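*Asks:* sequence and computational prediction follow.
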Amino acid sequence: MSKKVLFVLTSHDELGNTGKKTGFWSEELAAPYYALADKGVEIVLASVKGGQPPIDPKSEEASFQTETTKRMDNDTVLLDKLKNTIPLEEVKMEDFDAVFYPGGHGPLWDLAESKISQKLIVDFYTAKKPVAFVCHAPGVLKDVKVDGEYLVKGKNVTGFTNTEEDAVELTNVVPFLVENMLVKNGGIYTKIADWSPYAVVDGLLVTGQNPASSEKVAEELLKLI
């Protein structure tokens with residue numbers, strides 16, 4: 001039985017009031033996509049609005065390229081999937097074995113506020129299906145509650161650190177800091193050195209600290225499905 005994983009992407013492309021663009025971070029799609037697809041997992045891409053989700057232009061700069069992002073740039077099948085992502089409201093949890101959220105700054109604006117996304121995560125989680133998030137994507141858990149309690153409460157979690165946000169000089173631009181939110185919502189938050197690969201698993205919940213953690217998160221997700 002081949003496994004099927006849903007990837008949920010942001011449709012938000014404005015970086016606060018800076019006049020700059022944002023979106024999803026390319027490595028955070030490419031690395032997990034290939035880590036799973038190369039093992040025979042079928043991947044379906046969805047986004048808040050459907051169609052082509054915005055790629056953070058910074059993630060396409062030469063200094064942020066990896067083997068997987070270069071592979072994505074030449075992968076006509078994946079690029080076609082990206083152009084035609086399914087609108088989030090059309091997605092059914094029953095069709096998938098797990099859900100994965102790539103980060104980038106975009107999700108902090110749209111997915112973090114999306115009631116559809118919040119319900120989808122709860123649906124997966126309560127159906128005993130793994131939910132995974134990397135870098136800024138744990139931010140989409142901000143208002144996610146199961147049985148009246150924050151999903152992250154009492155759970156071991158990680159996510160983009162305050163010091164990493166400082167380093168990219170966006171602390172005063174983002175609507176909230178991922179690390180602060182996870183702590184505030186009762187998560188048992190841990191991190192390692194900035195920009196180092198780090199993934200945390202607590203039951204069905206998998207979180208990763210930063211772009212470098214993307215593949216690690218996918219590997220942990222693969223073990224769970």
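*Replies:* Great, that's in hand. Numbers count the residues shown, from 1 in each chain.

*Asks:* low pLDDT regions in the protein?
*Replies:* Applying pLDDT under 70 to the chain flags residues 1.

*Asks:* where exactly do the helices run in it?
*Replies:* For the chain, applying DSSP state H gives helices covering 26-37, 67-73, 76-83, 115-126, 162-167, 178-184, 214-224.

*Asks:* burial count for residue 151?
*Replies:* Residue 151: 24 surrounding residues under other C-beta atoms under 10 Å. In this view, the C-beta of every residue, glycine as well, is placed from N, C-alpha and C.

*Asks:* which residues are in contact with the residue nearest to it when sequence neighbours are not counted?
*Replies:* The shortest distance from residue 151 to any non-neighbouring residue, by C-beta to C-beta, 6 or more residues apart in numbering, is to residue 144 (4.5 Å). Counting by C-beta atoms under 8 Å, 6 or more residues apart in numbering, residue 144 makes contact with 118, 121-122, 150-152.

*Asks:* tell me the one of those residues nearest residue 67?
*Replies:* residue 121 (30.2 Å; C-beta to C-beta).

*Asks:* I figured the closest one hits residue 142, correct?
*Replies:* No. Taking contacts as C-beta atoms under 8 Å, residue 121 lies outside contact range of residue 142: 10.9 Å.

*Asks:* which one's more surrounded, these two?
*Replies:* residue 121 (24 against 21).

*Asks:* look up how far residue 105 lies from that one.
*Replies:* 19 Å (C-beta to C-beta, to the nearest Å).

*Asks:* got it, and residue 217?
*Replies:* Distance, residue 217 to residue 105, by C-beta to C-beta: 18 Å.

*Asks:* same question, residue 209
*Replies:* According to C-beta to C-beta, residue 209 stands 15 Å off from residue 105.

*Asks:* one more: residue 26?
*Replies:* Per C-beta to C-beta, residue 26 is found 13 Å from residue 105.
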